[in-house]
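In: Got a predicted model here, sequence first, then my questions.
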Amino acid sequence: MLASIFSKSRPINYVLIGGALVLFYAMYVLKDTSWTNSYILVIKKLCLLLLLGGSLLLTGFITLRNTLTRANSYALALFLFFLVLFPTTLINENIIIANFFLLLSLRRLISLQSLITPKEKIFDASFWIFAATIFHFWCILFIILVFISIVFHVSRDYRNWIIPFIAFFAVAVLYLMIGLMVGHQFFNHILEEVTPGFDFTYFENVYQNIALALYASIVVLFVWPYTIGLSSKPLNLQASHKKVLFSFLAGVGIYVLSAGKNNSFLAFTFAPLAIMGANFIEAQDNKWIREAALMGVMAIAIFIFFMQL
């Protein structure tokens, strides 16, 4: 059964998940084959696929390295199912890049609990967040998570509070240099995204609406027990689990505030929700509930995916 397959973290699981990602990605991007006539576009599509694969691996690394779940592959499987549920994510290059950078940031913030080289980790996390902001402005909300992490671990050293501003200056200088070389149009998309947008009537077909409603139900199923169970987590892991929850809330905030939104903007919630979902699945004593939860999410995702091809 599916839950039994992913109940361990084995190389074969990574092969299965990676192969499924390539298959679904190919099916969706090949709906329109006009891009295959340009080798530049072909390279771009391959790079986006690599970034999606990297996002999956980062999610697995963050989960297992920081003991956010037991040694299983549930988080990776759920991340993949969420991508399949919202296939427009597969072709939104700015969202893919920004989300990859935010995962790099989250990796550094969660590892901050070790208190090894905290200043470097704060700078790295802030740098990646501001880099993500270049591709999608409202990723700036994740900087709140940096200050929350400082409060959790290293608030007594005043220099730690200054480091995010140094990272902002570094990214701003690089961005301005590139913008001046490329042209003023390089800044246009940032200026367009600064204004919040609250139009939720963007659905191109009824299945996108259904997908969002089902995702909301999955969120309730996974987030509620995770939230009320935080106090029962080991004391040395509670701060890390709180960061996962805050990162999910920041992802929701990005979706809500983004102008010209579509379902792909939910990608910023995929990794933290996958981690929370993995905690929910592994906490079930009844194996049939574990199977039903994972199989249910997979079945919903695949059905919605094929309805949108």
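Out: Received the coordinates, thanks. Residues are numbered from 1 along each chain as shown.
In: Which secondary structure elements does the lengthiest helix in the chain sit against?
Out: Longest helix in the chain, counting residues (DSSP state H): helix 39-65. Using 3 or more Cβ pairs under 8 Å, 6 or more residues apart in numbering; DSSP states H and E, the elements in contact with helix 39-65 are helix 11-29, helix 74-85, helix 93-110, helix 270-282. From N, CA and C alone the C-beta is placed, and that goes for glycine too.
In: now that helix and helix 270-282, what's the angle there?
Out: Counting by axes from the mean of the first three to the mean of the last three Cα atoms, to 10 degrees, helix 39-65 lies at 40 degrees to helix 270-282.
In: So for the host helix or strand of W224, mean pLDDT?
Out: Per DSSP states H and E: W224 is located in helix 206-228. If you average the pLDDT over helix 206-228, you get 95.
In: Let me see the contact set for I304.
Out: For I304, the contact set (Cβ atoms under 8 Å, 6 or more residues apart in numbering) comprises 84-85, 207, 210-211, 214.
In: would you turn those residues into JSON lines with neighbour count?
Out: Shown next, in JSON lines, are these (neighbours: other Cβ atoms under 10 Å):
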{"residue": "V84", "neighbour count": "27"}
{"residue": "L85", "neighbour count": "26"}
{"residue": "Y207", "neighbour count": "16"}
{"residue": "I210", "neighbour count": "16"}
{"residue": "A211", "neighbour count": "27"}
{"residue": "L214", "neighbour count": "17"}
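In: So which of those is the closest to G60?
Out: Set against G60, the nearest of the contacts of I304 by Cβ to Cβ is V84 (17.1 Å).
In: Span of stretch 133-153 from start to end?
Out: Using Cα to Cα, to the nearest Å, one end of stretch 133-153 lies 25 Å from the other.
In: what mean pLDDT does it have?
Out: Across stretch 133-153, pLDDT averages out at 95.
In: repeat for stretch 95-104
Out: 97.
In: which residues touch it?
Out: With contacts defined as Cβ under 8 Å, 6+ apart, stretch 95-104 is touched by 48, 51-52, 54-55, 58-59, 62, 89, 124, 128-129, 131-133, 135-136, 139, 142, 247, 264-265, 267-268, 270-271.
In: switch to 7 Å and redo it
Out: 48, 51-52, 54-55, 58-59, 89, 128-129, 131-132, 135-136, 139, 142, 264-265, 267-268, 271 (Cβ atoms under 7 Å, 6 or more residues apart in numbering).
In: Can you mark which positions in the lowest-mean-pLDDT helix or strand in the chain are buried?
Out: None of the helices or strands of the chain scores lower by mean pLDDT, DSSP states H and E than helix 188-194, at a mean of 73. Neighbour counts over helix 188-194 (16 or more other Cβ atoms under 10 Å) mark E193 as buried.
In: For that helix, C-alpha coordinates in PDB please.
Out: Provided in PDB are the C-alpha atoms of helix 188-194 (Å, rounded to 0.1, in the frame of the first residue of the first chain):
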ATOM      1  CA  ASN A 188       8.700  47.000 -13.700                       C
ATOM      2  CA  HIS A 189       7.400  43.700 -12.400                       C
ATOM      3  CA  ILE A 190       8.300  44.600  -8.800                       C
ATOM      4  CA  LEU A 191       6.500  47.900  -9.000                       C
ATOM      5  CA  GLU A 192       3.400  46.100 -10.400                       C
ATOM      6  CA  GLU A 193       3.400  43.600  -7.500                       C
ATOM      7  CA  VAL A 194       3.700  46.000  -4.700                       C
END
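In: what kind of secondary structure is T36 in?
Out: Assigned with DSSP: H, G, I helix; E, B strand; the rest coil, T36 falls in the helix class.
In: The closest residue to it other than its chain neighbours and V297, how far apart?
Out: In this structure, T36 finds its nearest non-sequential neighbour in V42, 6.3 Å apart by Cβ to Cβ, 6 or more residues apart in numbering. Distance of V42 to V297, given as Cβ to Cβ, to the nearest Å: 32 Å.
In: who's more crowded, the two?
Out: V297 (25 against 12; other Cβ atoms under 10 Å).
In: in the helix or strand that contains the more buried one, what counts as buried?
Out: Secondary structure assignment for V297, by DSSP H and E: helix 287-307. Using 16+ other Cβ under 10 Å as the test for burial, helix 287-307 gives 290-291, 293-294, 297-298, 300-301, 303-305.
In: As JSON lines, those residues with distance to V194 and pLDDT would be great.
Out: JSON lines is the format used below for these (distance: Cβ to Cβ, whole Å; pLDDT from 0 to 100):
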{"residue": "R290", "distance to V194": "44", "pLDDT": "93"}
{"residue": "E291", "distance to V194": "46", "pLDDT": "93"}
{"residue": "A293", "distance to V194": "39", "pLDDT": "94"}
{"residue": "L294", "distance to V194": "40", "pLDDT": "94"}
{"residue": "V297", "distance to V194": "35", "pLDDT": "96"}
{"residue": "M298", "distance to V194": "38", "pLDDT": "96"}
{"residue": "I300", "distance to V194": "35", "pLDDT": "96"}
{"residue": "A301", "distance to V194": "33", "pLDDT": "96"}
{"residue": "F303", "distance to V194": "37", "pLDDT": "96"}
{"residue": "I304", "distance to V194": "32", "pLDDT": "95"}
{"residue": "F305", "distance to V194": "33", "pLDDT": "96"}
